[in-house]
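Chemist: 3D, please:
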Amino acid sequence: ERGLDWLKGEVERRLGHPLAPARPFGFESNGDRFGWVKGVGDTWHFTLFILSGRIRDHGERKLLTALREIAQAHDGDFRLTGNQNLVIANVSKANKRQIDGLLDRYHLKDGLEHTGLRLASMACVALPTCNLAMADAERYLPTLLDRLDAVMRAAGLAKDAIVIRMTGCPNGCARPYLAEIALVGKNLGKYNLYLGGGFVGDRLNKLYRENVSGDDIVAMLEPILQRYARERNAGEHFGDFVIRTGYVKATRQGKDFHD
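Modeler: Predicted coordinates:
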């Protein structure tokens with residue numbers, strides 16, 4: 001109602017002194033840093049990719065068993081990320097070899113082998129756990145990603161990060177409305193497809209199609225992804241591309257979300 005100048009003046013009045021001039025800032029990366037990263041001093045951190053944050057033993061992937069064994073040997077701490085992944089944090093230099101050996105034994109260093117799309121994916125739990133859900137999310141996202149991964153690799157986009165999120169209802173617990181590609185559950189097996197969110201989370205997306213099924217989702221996205229691979233500008237993110245090429249209009253502010 002009053003604007004930025006009024007807000008700045010009010011803050012300065014309450015502080016009792018003027019604020020310094022704004023300094024430029026830009027995000028150099030987005031998402032989690034997978035694998036080993038050097039910490040402060042002699043400490044190290046290892047970030048695990050965990051699809052939808054679900055830690056369990058499934059088939060030959062013994063993730064729960066592995067983390068229990070790592071926890072017994074670990075002399076640091078564990079941290080949950082805002083993208084549903086897990087950081088084995090503050091690993092001491094003396095203990096790094098043992099932790100690294102356990103990661104090798106349980107084949108947990110495969111994060112960077114996934115497509116950029118899968119690494120930037122997120123889903124809420126949805127059906128059957130959440131009583132607000134109208135469709136699957138966590139249970140269906142792996143199947144959808146398998147099909148879209150094939151599209152990404154065929155288009156030469158395997159290592160390109162595109163933020164994709166899926167929820168079972170409009171409440172949006174996986175932050176779908178900020179994603180470059182979002183699927184919001186509308187009914188059993190049906191989703192609203194949104195496009196055009198900002199890669200770094202600085203722009204809401206826009207509704208592209210209503211009530212689409214799994215087969216329709218892939219059919220709709222495949223030609224757009226192929227065109228993105230052919231026609232994108234240098235450094236252009238997918239969310240910016242679909243706006244520039246007219247698939248959706250940019251959402252400049254919240255009240256324009258439904259326009």
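
Chemist: if I look at Asp57, how far off is Arg68?
Modeler: Using C-beta to C-beta, to the nearest Å, one gets 10 Å for the distance from Asp57 to Arg68. Where C-beta positions appear, they are placed from N, C-alpha and C, glycine not excepted.

Chemist: should've said Asn211
Modeler: Asn211 sits 43 Å away from Arg68 when distances are taken as C-beta to C-beta.

Chemist: Kindly report the same for Pro142.
Modeler: Between Pro142 and Arg68 the distance is 23 Å, computed by C-beta to C-beta.

Chemist: got it, and Lys93?
Modeler: When C-beta to C-beta is applied, the distance between Lys93 and Arg68 equals 23 Å.

Chemist: Check Asp104 too.
Modeler: Between Asp104 and Arg68 the computed distance is 17 Å (C-beta to C-beta).

Chemist: repeat for Lys8
Modeler: Lys8 sits 51 Å away from Arg68, taking C-beta to C-beta as the criterion.

Chemist: how about the helices in the stretch 51-200 of the chain?
Modeler: 63-73, 93-105, 116-119, 141-154 (DSSP state H, counting those that start in this stretch).

Chemist: residue ranges of the strands in the stretch 1-150 of the chain, please?
Modeler: For the stretch 1-150 of the chain, the strands identified by DSSP state E, counting those that start in this stretch occupy 35-38, 43-48, 57-58, 61-62, 77-80, 86-92, 121-123, in order along the chain.

Chemist: out of those strands, deepest packed?
Modeler: Across the strands of the stretch 1-150 of the chain, the average number of neighbours (mean count of other C-beta atoms under 10 Å) peaks for strand 121-123, which reaches a mean of 27.
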